[in-house]
Structures are given as C-alpha cells and as structure tokens.
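>>> Quick one: sequence and predicted model below, then my questions.
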Amino acid sequence: MMFGGFYICRHCGKSTSNQSAFCEYCHQDNNSPDKTQVHIIELKEPKPDPINHPSHYTSHPKGYECIDVIQWFPYNIASAMKYLWRAGLKPGNPVVQDLKKAIKFLEFEIKRQEELEKKNEKKA
C-alpha cells in the first residue's frame, strides 16, 4: 500500500500512482527498445511540503490529494470531507475532534438547506 509516495519508472523517469510493475507510459507509448521489457517501478517518497501538500491531506493510498477532490463541492460539504479525510492523520489533532468538526460542518449545511427550502416554499 502506498501512503504519501509515488512511483518512478527506472527506464523513462515518469511518476505515477500506479503500483503495477509495468510502466503505464513506456508500455502504452511503446517507447521501450524491447517491447516486452518490464520496467520496474520503485517507490520514492516526496519531500515534505507542509504548506502546499501537508502529509495529512496527501496520504490517500491511490495518491489523491484532498484538495483535488473537495474543490468541486460546496463549502460546508467540502469542509466536512476535509475533516473526515484527515481524521487521525494530523499531528496533535485527536480523531474525535476531527470527526466532531466534520459533523459541525454537516449541521451547518443542513441548516442552510432547510433555510433555502423555507425560502423557496414562501416563493411558491
């Protein structure tokens, strides 16, 4: 399982979150001198970047980063997802605290949706 790392092809040098022993780039592009050659993929740990890519948001086994997923959701939903994503991963933050924060943002969204429903009922 991969946490916070990525794989580098020893042959072409491209990185991927794919754990396969076959390089998805060399194999697909047929750039290998020997088309049957297996390109070994090795795990390289990225340098820590607590500002742009904190480890508690980049530890997904498939290499996904939290912001890449939550940026498409409304604020309260995204915030709840963020706290669920990092629960137990951010140093100094107890799991229960992150879970309670996620619940709080869901409560904010429920209240907002209920107010929108009431407003729309009055218009109708």
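Alright, I've got the coordinates.

>>> Show me where this protein has its strands.
For the chain, applying DSSP state E gives strands covering 6-9, 15-16, 41-44.

>>> show me where pLDDT drops low in the chain?
Along the chain, segments meeting pLDDT under 70 span 1-46.

>>> Where do the domain boundaries of the chain fall?
Domain ranges of the chain: 1-46, 64-124, per automatic domain parsing.

>>> Could you tell me the end-to-end distance of the last one?
The distance separating the two terminal residues of domain 64-124, taken as Cα to Cα, to the nearest Å, comes to 43 Å.

>>> Buried residues in stretch 78-89, which are they?
The neighbour-count check on stretch 78-89 (16 or more other Cβ atoms under 10 Å) flags 78-87, 89 as buried. Using the backbone N, CA and C atoms, a C-beta is placed for each residue, glycine as well.

>>> Contacts only, for the nearest residue to residue 74 once chain neighbours are set aside.
Nearest residue to residue 74 in three dimensions, chain neighbours excluded: residue 109, at 7.1 Å (Cβ to Cβ, 6 or more residues apart in numbering). Shown in contact with residue 109 (Cβ atoms under 8 Å, 6 or more residues apart in numbering): 74, 76-77, 80.

>>> residue boundaries of the helices in the chain?
For the chain, helices defined by DSSP state H occupy the ranges 24-29, 66-70, 75-86, 95-123.

>>> Reformat the ones you listed as TSV; add distance to residue 53.
As requested, those are exported to TSV (distance: least, Cβ to Cβ, whole Å):
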stretch	distance to residue 53
helix 24-29	22
helix 66-70	9
helix 75-86	13
helix 95-123	19
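
>>> among those helices, which is the most enclosed?
helix 75-86 (a mean of 18; mean count of other Cβ atoms under 10 Å).

>>> What helices and strands are in contact with it?
helix 66-70, helix 95-123 (3 or more Cβ pairs under 8 Å, 6 or more residues apart in numbering; DSSP states H and E).

>>> quick one, what contacts residue 100?
Under the criterion of Cβ under 8 Å, 6+ apart, residue 100 has no neighbours.
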